[in-house]
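Visitor: kindly return the folded structure for what I paste below:
(one chain, ligands or ions: 1)
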Amino acid sequence: MCRELGPPEVLAVEEVAGPVASAGRVTVDVEAAGVNFVDALFVSGTYQVKPPLPFTPGSEIAGRVAAVGDGVAGYSPGDRVLASIGLGGFATAVSASVDQLNRIPDNLDAPQAATFTQSYCTALFALRNRARLSQGERVLVLGGGGGVGLAAIDVARWLGAEVIAAASTEVKRAAALQAGAVAVLDSSVENVNFRELAGFVDIVIDPIGGHHSPSALRALRENGRLVVIGFASGTIPLLPANHVLLRNREVIGVDWGAWAMSHASEQSVLLGELLDAAGRGDLHPTAPTIYRLDDVAAALSALLSREVTGKVALVP
Ligand SMILES: NC(=O)c1ccc[n+]([C@@H]2O[C@H](COP(=O)([O-])OP(=O)(O)OC[C@H]3O[C@@H](n4cnc5c(N)ncnc54)[C@H](OP(=O)(O)O)[C@@H]3O)[C@@H](O)[C@H]2O)c1
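Guide: Residues are numbered from 1 along each chain as shown. Alright, predicted model coming up:
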């Protein structure tokens with residue numbers, strides 16, 4: 001429960017009444033909850049959406065259906081499901097509407113399934129819907145060892161791109177190579193010249209912002225696209241418009257969450273396509289780092305302090 005806004009330590013684990021399966025809804029026993037950077041932003045009150053207090057953070061979960069409400073067809077107790085529920089996921093049990101549910105492919109375990117939706121949907125929406133990636137294009141992924149970064153590498157490779165990734169540690173760069181990057185760059189140094197190190201690229205995926213963004217913009221070749229996904233560095237970059245003008249570049253915003261809410265049926269197709277690809281073994285979501293639900297503050301702090309490679313999941 002988040003009863004006041006602040007650092008992750010304001011969260012407290014409390015006993016509350018469990019959810020009931022009302023009409024059109026199911027209850028799910030949570031086996032894993034995905035932890036995202038945005039959960040920490042909700043708790044600190046620095047996200048653009050500010051839920052009223054108190055609230056339980058956690059937007060994505062995986063588990064087994066416990067009970068089904070009236071009018072629910074197609075799901076039974078025991079079914080393995082994942083769900084994006086907005087808030088309330090850091091819990092042992094949740095309620096979800098049927099249209100929030102998807103079946104988990106057999107080859108994904110609960111922590112992988114719980115950390116799939118946000119990172120993979122953002123990656124595919126950014127690369128295909130927004131940046132119009134074509135096969136054979138070169139993509140530079142900043143923050144390539146992070147949750148969105150690793151998913152973007154995996155999805156870009158799947159779409160037929162050549163991927164170069166930048167990350168700040170050896171461990172993150174190794175994960176980026178494992179995910180399918182053909183080359184990795186060390187982004188821990190102050191003034192990285194991406195054009196010099198990577199050569200020209202067609203697309204930059206930028207989930208971190210800060211001082212690397214202007215350099216990445218200059219690495220774009222003719223008609224190149226810089227895709228603005230987030231500001232994990234804490235700094236919103238100022239991009240020089242003259243470098244956007246040169247070579248007919250584009251700077252493209254991505255707000256997957258807002259799009260998913262206002263385009264529910266398209267989002268459902270997008271997620272279904274990704275889950276099918278993962279089920280076939282064409283996509284390879286990495287195994288997340290696991291924390292106990294009681295250690296939620298430590299899990300969020302690890303994300304905020306840049307320690308984590310890949311995703312984090314809470315397991316009740
Ligand atoms: N626009 C959208 O639709 C959308 C969707 C999902 C997520 N996002 C946003 O995208 C961003 C990244 O999300 P994520 O899930 O990939 O997060 P993440 O797993 O925590 O990865 C973020 C990466 O940012 C880099 N970073 C640089 N400076 C940092 C700092 N001061 N603190 C923390 N990380 C720092 C780190 O890589 P290095 O250590 O290699 O620099 C880290 O691996 C977040 O801001 C999130 O809110 C946006």
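
Visitor: hmm, the strand ranked longest in the chain touching the ligand?
Guide: Scanning the chain for the strand with the most residues, using DSSP state E, yields strand 25-35. No. Counting by CB under 6 Å from any ligand atom, the ligand is not contacted by strand 25-35; separation bottoms out at 8.9 Å. In short, each C-beta sits where N, CA and C put it, glycine included.

Visitor: then stretch 194-214?
Guide: Yes. Remark: stretch 194-214 sits within contact range of the ligand at 207, 208, by CB under 6 Å from any ligand atom.

Visitor: pLDDT of the helix or strand harbouring residue 63, averaged?
Guide: Using DSSP states H and E, residue 63 sits in strand 60-68. If you average the pLDDT over strand 60-68, you get 98.

Visitor: restricting to C-alpha, output it in PDB.
Guide: What follows is the C-alpha trace of strand 60-68 in PDB, where atoms were taken according to Å, rounded to 0.1, in the frame of the first residue of the first chain:
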ATOM      1  CA  GLU A  60       1.200  -6.300 -14.500                       C
ATOM      2  CA  ILE A  61       0.700  -9.700 -13.000                       C
ATOM      3  CA  ALA A  62       0.800 -13.400 -13.900                       C
ATOM      4  CA  GLY A  63      -0.800 -16.200 -12.000                       C
ATOM      5  CA  ARG A  64      -3.700 -18.700 -12.000                       C
ATOM      6  CA  VAL A  65      -7.400 -17.900 -12.200                       C
ATOM      7  CA  ALA A  66      -8.900 -18.500  -8.700                       C
ATOM      8  CA  ALA A  67     -12.600 -17.800  -9.300                       C
ATOM      9  CA  VAL A  68     -14.800 -16.600 -12.100                       C
END
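
Visitor: do the helix or strand that that strand is followed by and the ligand meet at all?
Guide: Toward the C-terminus, strand 60-68 is succeeded by strand 80-84 as the next helix or strand (DSSP H and E). No. Judged by CB under 6 Å from any ligand atom, strand 80-84 and the ligand are separated, with a smallest distance of 11.9 Å.
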